[in-house]
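Colleague: Kindly generate the corresponding structure for this input.
(3 chains)
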Amino acid sequence: METVTLTIKNQPGLYLEADTITPDAFAGKKAEEIVDLPVYVGREQHRLGDFFDVSGKAGATPAETKIVVGGDLSRVKRIGQQMTGGEIVVNSNTDMYVGAWMQGGKITVNGNVDAFAGTGMKGGEITVTGNAGNYLGAAYRGDWRGMAGGKISVAGNAGSDLGTFMNGGEIVVGGDVDVHVATHAEGGKIVIKGNAKSRLGGQMVEGEIYVFGNIDVMMPGFAYREDVDIEVNGTKGRFALYEGDLGERHRKRKGQKIYGKLYQLVKA
Amino acid sequence: MAEFLIKNGFVFDPVLGIKGDKADIAIKDGKIVETTALSSPKIIDASGKTVMAGGVDVHAHVAGPKVNIGRNFRPEDKLFTYKPGHGIERMQGGFSVPTTLRTGYNYARMGYTTVMEAAMPPLYARHTHEEMRDTPILDQGAYPVFGNNWFVLEYLKNHEIENTAAYIAWLLRATKGYAVKVVNPGGTEAWGWGLNCDNVHDPVPYFDITPAQIVKGLIEANEYLGLPHSMHVHANNLGNPGNYTTTLDTFKLSEGIKPNSKFGRDQVMHHTHVQFHSYGGDSWANVESRAKDIMAYVNSHDNLTIDMGQVTLDETTTMTADGPFEHHLTELNHLKWANADVELETGSGVVPYVYSPNIKVCAIQWCIGLELALLAKDPMRVFMTTDHPNAGPFIRYPRIMKWLMSEEARKQQFDAFKHKDKVIEATNLAGIDRELDLYEIAQMTRAGPAKSLGLSHMYGGLAPGLEGDVAVFDFNPNEPYAPDAIETAFSNAECLFKAGVQVIDDHEIVSNGNKRTLWVNTKVNENPQVMRDVKEKFLRYYTVTLNNYEVSGHYLPNPYVIEVDATQ
Amino acid sequence: MTKTVTDVICPFCGTLCDDLEVVVSDDNKQLLEVYNACAIGAEKFLHSQAKDRITRPRMRQEDGSWKEISYDEAIEYTAKMLADAKKPLMYGWSSTNCEAQSVGSEIGEAVGAVMDNTATVCHGTSLIAVQDIGIPSCTLGEVKNRADRILFWGCNPAHAHPRHMSRYSIFPRGFFTGKGHASRKVIVVDPRPTDTASIADVHLQIEQGRDYELLDALRVAFKGEKLPDVVAGIPKAKIYEVAETLKSGRFAIIFFGMGVTQSIGKNHNIDAAIAVTRDLNEYTKAAIMPMRGHYNVTGSGQVWGWLFGFPYAVDLSRGFARYNPGETTSNDLLRRDEVDAVFVLGSDPGAHFPFSSVKKIYDLPSVAIDPHETPTTEVCKVHVPVAFVGVEIGGCAYRMDNVPIETRKVVDAPEGMMTDEEFLTHVLARVKELKGV
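Modeller: Residues are numbered from 1 along each chain as shown, chains lettered A, B, ... in the order given. As a prediction, this is how the structure comes out:
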């Protein structure tokens, strides 16, 4: 694994679109080639090197390439968008679309991420040590194919619209979440270790939600079934199992209707 | 205007009967002329290349309200498929439902110069014309829909052909429409109550009329007027297993009616996207091709033309004035569903659909469309379409050419199907070794549709006097080629002339052309009853006033009016 | 002498009434009277006749006062501002005709602007929901002729769309609804007792912000599943009863407004309401329609739809069209300092946007094109007054059900005033010169 280190030296006047900061775009390139990759501020095209000091070199393939990005990246969008392999470490807060449409590899953000991280994610891993914005692991507008695979872990809180149209993969939030979780989901697993507000599993067809803390308002379409003793991401305990959304369509398997499942921790 | 001489190309032209011979084509003042009429032309060296007239699409959904619903409600159809502006081209977006600009440019790239919008809700005619105005290069016209219109239902209930004809003439003028379109006759009105008409004898709720009466009556009214195109129908029961009998029943309604048209067509019915109407079996488990039965009928009845509606195995967006069908579809695939019922006139629905080669039914549909074309005895009466975007986007026409022209290409596709054996069992295609040649392709994509539309005096061929619509493709039919070379060459015309203006030069779009909108202005004898009925319906049931209904001229900045006199 | 112009289209709200009669002076200079319009619509026509109307562009001076400038100077300022910006916001477009929207779109394309309309603070959330789940809808005439179950959710047409109830929804006698109001059951869902609610057969006085839950409960009730005792403040028996009322109709229509589009959950509320409509189509016929506000907000979504593929919040900055509300929506752009110039036409963000966003407009180079003096013109650097569309110039507009209607010119604009389309055409030409294209 070869490492490329980027350090931001100039802040963009508006925001910087840097969907070229991926192992895929860097692979096979030396620092002096990487500085020439395009980035955008509004309608203006610039070089990556206009904004970043670049050192090191990339591996021959994305999988052999690690990128470490430093400085204040809170006005930089689209880091790791569509990456298929390799690794990115972001040592800062950063803006929207981190790891959006990601297919493989690993992104670690030591800070917060803004909205749309992991949009339409198919595989790989995103780890955020701080908080995440709205639409974490959600589908792009209009797409019924949301997160299909991979894993997103957020140590802090997440915003609203978590895992909309989720079909697979896993999202773990260490803290609290805002409204609308797993709306329209047809699969996947969401673990919320803190509290949730309301609208969990609205229009949910299938999939699993686990909540360790409080739920302010339960959806009327979720019915309590039973208490179950299970282990969830290292936490053993008794969970109340709800099924829903009863108002939504559901598939049948072996004559049984399959519902979305919502587990709430009763007793650790 | 400029003069052009396209020299030494291999020319395929059913109008002149040239089957790939070397010939020179001359263009002057917007028209094809004899080569001797040129004085100092720009020379286009077409040696080793294929030369054809501009393509003519008889049926595509490219402009109007449901097309725009398809655009606006599918942002995901545009994700990562956008194209920045370049040269004179403006920015473009959309895969299955392209923006109007992309529509014009992409048809031109395939060598097409005329495209008919297949279903215009009259109340939304203004919208349809706004979109056609913003579609560059192409000559276009739009077919207003009549098959569920309350005036038509009430007149034809009593077989009032003259009144129906007068109303058609009035509505074509009010909407600046081109032809009489019928979609799921009676069924879409029934959908106003959540119901449908499943066959040609299934009565329309309240209106006391059957689809058969509507279709037959509209054919008669169409011939009473002598319109350029025939009645253009999408029959009842689209997309259902076993529906081929409904299709044959619909075909039979044309029997015994002779064309009355000065525009050179021989048919009285055009049935569209017949692939969707050629299914046997009685469930999706045992659905099978009935293309043989369908084509046996078509081949033996020359007052009928059809188009394919070929499935292209893409993710696409279905859209039709067949409202109940789209509801049926969303119940099957659970994807988003838009519906737009239109007061007194029609309805429509839009649902995304993924034609996957891994799904048996999709593969069977793919076979059926190709069977229709390959079983055709007269390619002048069977046209290439995808019912864009219903069975697939129009940009796949060159791929369909490849499948029609190469058994090897079809074998490759069969091998890519997950349920190959079951598909072969349910269809005839694997047993068909016919390979169409470019002359037959030119019949199916140029001369045939132009004739069916009553526009053979303008389009579809290279005879002197026709419009200067000529395409040059980088394809040498006399040298061995891989099947994919067909698709590559016909996706990307080297040169294109539209009404004598060079629109594509060296594969680059260099002009937005001189787009025209065709509509039919029919003179009929005064009919006070129909005008009284029109006034009354607007006063009582429409939500716009009569005076705000007609599309005024400035929505058609470059109109081409076809005058018809039906007063005799 | 005077003359009467008939079949006049009202350029106020999305109801787009087209049966107005307007009396004008013989020389077309004065508009005297308006018939058939609601009070708001009539006022819009009469307002064009204000004696103190501003008829020439103005530029803000350093001391805060206005200085009259020529149209040429205003064109130059606007073109230069847009051409110099890295990412200008071109907002509004809802109170103008499609012809102007089309020219504006070409400017946006040339300068790499973000094009956004008033849906961004109104029914943009509905458009998001439509993208997620679709929309079974119909024209207003279908409602008039067929509907026997009318549900108003989070909207108050009695005040916001005054002629809606009489022309289309509650009172008219249609083909299959010959008894008018008596043919219909009217249900209103609103936390407040409104004038619309007062004529309803059923008023569900929902707990504020629990629309999504109540809509979900209706879906549960349709399927005959068990409900909690109370949802959103409504007892379950009432929910089952309303569900049955809707299912038992021949044709149900749901109209919804900003009470649900802009309260908590936003697009999800509409998504659930559309799901309710979808469900109803398994039992009977049902449709749903947004109560669009500005008379041609729908048209701007249509024009951008066919040109770019998206109905609002269209980001053209990279040379192609992109869309993602939350990022490309006006208030997000302003809040995050993501745009560097603001152009406003046919809307009043100064009145409708949060104060924090208005402050950003004030801080940026900015132009407002508007016949009126508005809170927006007060914070912009240049104000360009123009002719009233639908009064002094015609052009196409789209009703709330997407039906396009050509508005009419009934009276001349004051001498020398430009229309939106004329002004934009000049700006486009100048932008092209500046860009060298």
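Colleague: got a pLDDT number for the residue in the stretch 151-300 of chain C positioned nearest to chain B?
Modeller: Using Cβ to the nearest Cβ, the closest approach of the stretch 151-300 of chain C to chain B is made by C:Lys285 at 3.8 Å. Backbone N, C-alpha and C define where each C-beta goes, glycine included. Here, the pLDDT recorded for C:Lys285 equals 98.
Colleague: can you check B:Arg410 too?
Modeller: At B:Arg410, pLDDT is 98.
Colleague: Likewise for A:Lys267?
Modeller: pLDDT, A:Lys267: 83.
Colleague: so when I look at B:Val311, I'm seeing a strand, right?
Modeller: No: applying DSSP: H, G, I helix; E, B strand; the rest coil, one finds B:Val311 to be coil, outside a strand.
Colleague: list the contacts for it?
Modeller: Applying Cβ atoms under 8 Å, 6 or more residues apart in numbering or on different chains to B:Val311 gives the contacts B:Gln275, B:Tyr355, B:Cys362, B:Gln365, B:Trp366, B:Gly369, B:Thr386, B:Ala391, B:Gly392.
Colleague: Which of those residues fall in helices?
Modeller: In helices, defined here by DSSP state H, the members of the contacts of B:Val311 are B:Cys362, B:Gln365, B:Trp366, B:Gly369.
Colleague: Find the nearest non-adjacent residue to the third one, please.
Modeller: If the residues on either side of it in the chain are set aside, B:Trp366 comes closest to B:Val311, at 4.6 Å by Cβ to Cβ, 6 or more residues apart in numbering or on different chains.
Colleague: Would you list the phi and psi of the one you found?
Modeller: Here is the backbone geometry of B:Val311 (degrees, to the nearest 10): phi -70, psi 130.
Colleague: Return the residues in contact with B:Thr316.
Modeller: Contacts of B:Thr316 (Cβ under 8 Å, 6+ apart): B:Ser96, B:Pro352, B:Tyr353, B:Val354, B:Tyr355, B:Pro389, B:Asn390, B:Ala391, B:Gly392, B:Pro393.
Colleague: what's the pLDDT at the residue nearest to the fifth one when sequence neighbours are not counted?
Modeller: Translated: B:Tyr355. Nearest non-adjacent residue to B:Tyr355, counting by Cβ to Cβ, 6+ apart: B:Cys362, 4.4 Å away. Note for B:Cys362: predicted pLDDT of 98.
Colleague: Just want the residue of chain B that's nearest chain C.
Modeller: In chain B, the residue that lies nearest chain C is B:Glu343 (2.6 Å; Cβ to the nearest Cβ).
Colleague: List the contacts of B:Pro324.
Modeller: By Cβ under 8 Å, 6+ apart, the residues touching B:Pro324 are B:Asn184, B:Gly187, B:Thr188, B:Ala190, B:Trp191, B:Leu195, B:Asn196.
Colleague: and the nearest residue in space to C:Pro235 that is not next to it in sequence, how many neighbours?
Modeller: Using Cβ to Cβ, 6+ apart and skipping residues adjacent in sequence, the residue nearest C:Pro235 is C:Asp229, 6.9 Å away. A total of 7 residues lie near C:Asp229 under the criterion other Cβ atoms under 10 Å in any protein chain shown.
Colleague: Distance-wise, check C:Asp229 relative to B:Leu329.
Modeller: From C:Asp229 across to B:Leu329, the span is 39 Å (Cβ to Cβ, to the nearest Å).
Colleague: one step back: among the contacts of B:Thr316, which one has the most neighbours?
Modeller: If you count neighbours using other Cβ under 10 Å, the busiest of the contacts of B:Thr316 is B:Pro389, which has 30 neighbours.
Colleague: For the stretch 151-268 of chain A, which residues are neighbours of chain B?
Modeller: A:Arg249 (Cβ under 8 Å from any Cβ of the partner chain).
Colleague: so which strand or helix has the residue in the stretch 151-268 of chain A positioned nearest to chain B?
Modeller: Per Cβ to the nearest Cβ, A:Arg249 is where the stretch 151-268 of chain A lies closest to chain B, at 6.6 Å. Counting by DSSP states H and E, no helix or strand carries A:Arg249.
Colleague: I figured it hits A:Gln203, correct?
Modeller: No: contact between A:Arg249 and A:Gln203 fails when scored by Cβ atoms under 8 Å: they sit 9.4 Å apart.
Colleague: got the contacts of B:Val311 as JSON lines, with distance to C:Ala113 columns?
Modeller: Converted to JSON lines, the contacts of B:Val311 look like this (distance: Cβ to Cβ, whole Å):
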{"residue": "B:Gln275", "distance to C:Ala113": "43"}
{"residue": "B:Tyr355", "distance to C:Ala113": "37"}
{"residue": "B:Cys362", "distance to C:Ala113": "41"}
{"residue": "B:Gln365", "distance to C:Ala113": "43"}
{"residue": "B:Trp366", "distance to C:Ala113": "43"}
{"residue": "B:Gly369", "distance to C:Ala113": "43"}
{"residue": "B:Thr386", "distance to C:Ala113": "35"}
{"residue": "B:Ala391", "distance to C:Ala113": "37"}
{"residue": "B:Gly392", "distance to C:Ala113": "34"}
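Colleague: Which pair of the residues you listed spans the longest distance?
Modeller: Using Cβ to Cβ, the pair of the contacts of B:Val311 lying farthest apart is B:Cys362 and B:Thr386, separated by 13.6 Å.
Colleague: Out of the two, name the residue with the larger neighbour count.
Modeller: Remark: of B:Cys362 and B:Thr386, B:Thr386 carries more neighbours, 29 against 20, as counted by other Cβ under 10 Å.
Colleague: In contact with that one: list those residues for me.
Modeller: So B:Thr386 contacts B:Ala60, B:Met308, B:Gly309, B:Gln310, B:Val311, B:Thr312, B:Gly392, B:Pro393, B:Phe394, B:Arg396, B:Tyr397, B:Ile400 (Cβ under 8 Å, 6+ apart).
Colleague: make it 7 Å
Modeller: Listed by Cβ atoms under 7 Å, 6 or more residues apart in numbering or on different chains, the contact partners of B:Thr386 are B:Gly309, B:Gln310, B:Thr312, B:Gly392, B:Pro393, B:Phe394, B:Arg396.
Colleague: Now the fourth one: closest residue in space that isn't a chain neighbour?
Modeller: Right, B:Gly392. The spatially closest residue to B:Gly392, leaving aside those adjacent along the chain, is B:Thr312, at 2.7 Å (Cβ to Cβ, 6+ apart).
Colleague: per-residue confidence at that neighbour?
Modeller: B:Thr312 is assigned a predicted lDDT (pLDDT) of 98.
Colleague: how much space between it and B:Ile69?
Modeller: As judged by Cβ to Cβ, B:Thr312 and B:Ile69 stand 21 Å apart.
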